[in-house]
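# need coordinates for the below:
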Amino acid sequence: MKQCHRCLAVVDEYTLDKQLEPLRDLTVDDFNLCADCTTIVPDACVDCGGAVYVPRGSTDPDICPACRVDRIRHTGEDPGWTCDTVSS
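Numbering: from 1, shown residues only. Below you'll find the model as predicted:
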C-alpha cells in the first residue's frame, strides 16, 4: 500500500480510482496522493471538455493531463496547466 505524499495517509485505491474516473487514461497508479488530497474539476478542459486535475496550491488548470501530453507530443513544448487561447 502506498502512502499519500501530502498527508501520509494510506491511499485507498478504490476511492481514488472512482475520483479519477473522469480523467481519461489515468489511474491510481499515476498518483501518489489520497482521494482527500486530490481535486478533480469535471468538464473544465478547454481542448476536450473533460475533467482536469487541480494540484494543491495552484490555480485551476484548463488543460487535462491527457491533452497536455498530446500538446507536448505535437509541439515539443510543455504548455503547463493553463493555455492562452482556446483551441477549436
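# which SS class is the spatially most central residue of the chain?
When C-alpha atoms, centre = their mean is applied to the chain, the residue found nearest the centroid is residue 53 (2.8 Å). Under DSSP: H, G, I helix; E, B strand; the rest coil, residue 53 falls in the strand class.
# hmm, it is touching residue 65, no?
Yes. With contact defined as C-beta atoms under 8 Å, residue 53 counts as touching residue 65 (6.0 Å). To be clear about C-beta, it is placed using only N, CA and C from the backbone, and glycine gets the same treatment.
# now the lengthiest helix in the chain, how far from the centre of its chain.
Determined from DSSP state H, the single longest helix within the chain is helix 65-75. Mean-position distance between helix 65-75 and its chain equals 13 Å (C-alpha atoms, centre = their mean, to the nearest Å).
# would you mark the buried spots in that helix?
Burial within helix 65-75, assessed by neighbour count using 16 or more other C-beta atoms under 10 Å, is assigned to 65-68, 71.
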